[in-house]
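**Student:** Fold the following, please.
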Amino acid sequence: MDRGKPGSKMHVLPDANGLPLRVGLSAANTHDSLGLKPMVAHFHIGHESHSDHSKPQRLHADKAYDVPDLRRWLHSQQIGVRIARKGIDSSQRLGRRRWIIERTISWLTGYRRLSPRYERHPRNYLAFLGLAAAFCCYKRLGKLTM
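**Tutor:** Residues are numbered from 1 along each chain as shown. Below you'll find the model as predicted:
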């Protein structure tokens, strides 16, 4: 956490294949773990909010999300947790899953409007981020149907 850092930080909740299902935005000087709970709490797929498929089954994250309160909250939501533990797990073990989120962020920042951030208002930047996520899903659908 860098308290004096200006700008914003994007949060992405992808599926197992790297498709961005939900995107969010926070200030650059906030901790990563503070952005996870709002992303998962308001996440659902489809019309039924009580369906078994309406929430993530398992969450993979790096050491920045190794916060005991966050782990307890995820367990209370019946979401499996695979978060690297600070001082115990190496970053090598998460590499099998970590590249998926890195690739997704690369897809999103590949759009010229998102990197660097040109928008002054966060709501405009979040709108372009959501549009980029929709384009990523559309391109993936196009590859699957051809």
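
**Student:** quick one: secondary structure of the nearest residue to Val81 once chain neighbours are set aside?
**Tutor:** Setting aside the residues directly before and after it, Val81 is nearest to Leu74 in space (Cβ to Cβ, 6 or more residues apart in numbering), at 5.1 Å. C-betas here are computed from N, CA, C, even on glycine. Assigned with DSSP: H, G, I helix; E, B strand; the rest coil, Leu74 falls in the helix class.

**Student:** Pull up the per-residue confidence for Leu74.
**Tutor:** Reading off the confidence values, Leu74 has pLDDT 90.

**Student:** I'd assumed Arg82 was in contact with it.
**Tutor:** No: the pair Leu74 and Arg82 fails to qualify as a contact (Cβ atoms under 8 Å) at a distance of 10.3 Å.

**Student:** Of these two, which one has the most company?
**Tutor:** Applying other Cβ atoms under 10 Å to Leu74 and Arg82 shows that Leu74 carries more neighbours, namely 21 against 12.

**Student:** returning to that earlier point: which residues touch the residue nearest to Val81?
**Tutor:** Contacts here follow Cβ atoms under 8 Å, 6 or more residues apart in numbering; on that basis Leu74 touches 40, 59, 81.

**Student:** Out of the residues you listed, list just those in strands.
**Tutor:** Among the contacts of Leu74, DSSP state E puts 59, 81 in strands.

**Student:** Which one of the contacts of Leu74 is nearest to Phe135?
**Tutor:** Ranked by distance to Phe135 (Cβ to Cβ), these are led by Val40 at 23.6 Å.

**Student:** Done for today, thanks.
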